[in-house]
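Peer 1: give me the fold of what follows.
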Amino acid sequence: MASPLFDSHLHTPLCGHATGTPREYAQAALTAGLAGLCFTDHMPMPAWYDAPWRMRRDQLDEYVQEVRAVQAEFAGRLEVRLGLEADFHPGTERFVEDILAAYPWDYVIGSVHYLGAWGFDNPEFVAEYEARDLRELYAQYYGLVEGAARSGLFDAIGHLDLPKKFGHRDPEGYAALHALDVVAERGLALDFNTAGWRKPVAEAYPAPDLTRLAAERGIPFVLGSDAHKPEEVGFHFAGALKQIHDVGGRVVTYQGRVRHA
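Peer 2: Numbers count the residues shown, from 1 in each chain. You can find the predicted model right below:
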């Protein structure tokens, strides 16, 4: 029997660092017994921003057409939705607005991947952590998360506590609290991102305590594997559901930028 679950954080080779065709991701979701998936590849950004790790602006139509082809092929067997993982980087909001207006997206994740010019989740640049004060780092990061939540551009915040990826945890454990208040106030969801269980920190984003604090604020969660290859689709969803349900949290999906239980 199929599960009612969706995987709503998936990439494609157009981002430059994923493998497998969109069709293979859809087949993996079907094999895993999921009800559906939502592709959320890294959206185009200005040419100077993070260019090797996302599709170009002139590839956006190709991305949309590929997802629509998969929607048609799997119709009646698997629900396939069209989304983006967008970036919040101050100064690029108008560019992002234009991309979001270009097509009828189902779901848009807003993620912070950069502190200034530093791509802090890139393994190539992990040594930079040794030069940073972690308290200041987390304060700066969650300030950007608040900006993302206030921007009105996004449906959910991506991988909330991403700076812990390589094991550099928030030393005081409460830098996220005000950001969670803003996320709740603005009516956003959180990407419950199981990729953290595949990373050095070996913990989902958000951590169990942040999952509880989000649930207490009424913030819902959108399940996502952050798959960059088909075999990662639906990764560790049983563990995700347990972590969410243990604290009374709820899981939602998005279609046409509208939240559904």
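Peer 1: low-confidence ranges in this protein?
Peer 2: For the chain, applying pLDDT under 70 flags the ranges 1-3.
Peer 1: for it, what spans make up the helices?
Peer 2: 22-31, 60-74, 93-100, 134-150, 177-185, 208-216, 237-245 (DSSP state H).
Peer 1: now, of those helices, which is deepest in the fold?
Peer 2: Stretch with highest mean neighbour count among the helices of the chain: helix 22-31 (a mean of 21; mean count of other C-beta atoms under 10 Å). Yep, even glycine has a C-beta here, placed from its N, CA and C like the rest.
Peer 1: by how many degrees do that helix and helix 60-74 diverge?
Peer 2: Going by axes from the mean of the first three to the mean of the last three C-alpha atoms, to 10 degrees, helix 22-31 is angled at 40 degrees with respect to helix 60-74.
Peer 1: could you say what helices and strands helix 22-31 packs with?
Peer 2: Helix 22-31 sits against strand 36-42, helix 60-74, with contacts defined as 3 or more C-beta pairs under 8 Å, 6 or more residues apart in numbering; DSSP states H and E.
Peer 1: circling back to that earlier point, quick one: closest of the helices of the chain to residue 43.
Peer 2: Of all the helices of the chain, it is helix 93-100 that lies closest to residue 43, at 5.5 Å by C-beta to C-beta.
Peer 1: mind listing residues that contact that closest one?
Peer 2: Helix 93-100 has contacts (C-beta atoms under 8 Å, 6 or more residues apart in numbering) with 43-46, 57, 60, 84, 86-88, 108, 151, 153.
Peer 1: which one of those residues is nearest to residue 27?
Peer 2: Minimum distance to residue 27 across these is 22.0 Å, recorded for residue 84 (C-beta to C-beta).
Peer 1: pretty sure the closest one sits against residue 102.
Peer 2: No: if you go by C-beta atoms under 8 Å, residue 84 and residue 102 don't touch, sitting 10.2 Å apart.
Peer 1: the two: which is more packed in?
Peer 2: The neighbour count for residue 84 versus residue 102, taken as other C-beta atoms under 10 Å, is higher for residue 84 (27 against 13).
Peer 1: that older thread, adding distance to residue 199, write the helices and strands packed on helix 22-31 out as a markdown table.
Peer 2: Below are these laid out as a markdown table (distance: least, C-beta to C-beta, whole Å):
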| stretch | distance to residue 199 |
| --- | --- |
| strand 36-42 | 17 |
| helix 60-74 | 25 |
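Peer 1: burial measure for residue 258, as a count.
Peer 2: Using other C-beta under 10 Å, residue 258 has 10 neighbouring residues.
Peer 1: one step back: and the helices and strands packed on helix 22-31: which comes nearest residue 243?
Peer 2: Closest approach to residue 243 among those is made by strand 36-42 (20.6 Å; C-beta to C-beta).
Peer 1: residue 140 versus residue 149, what's the distance?
Peer 2: 15 Å (C-beta to C-beta, to the nearest Å).
Peer 1: just residue 58 next, same as before
Peer 2: Look at residue 58 and residue 140: by C-beta to C-beta, they are 33 Å apart.
Peer 1: check residue 225 too.
Peer 2: Per C-beta to C-beta, residue 225 is found 28 Å from residue 140.
Peer 1: same question, residue 64
Peer 2: According to C-beta to C-beta, residue 64 and residue 140 sit 34 Å apart.
Peer 1: quick check: longest strand of the protein.
Peer 2: If you go by DSSP state E, the chain has its longest strand at strand 79-87.
Peer 1: strands paired with that one, and their directions?
Peer 2: Using DSSP bridges, the strands paired with strand 79-87 in its sheet are strand 36-42 (parallel), strand 107-111 (parallel).
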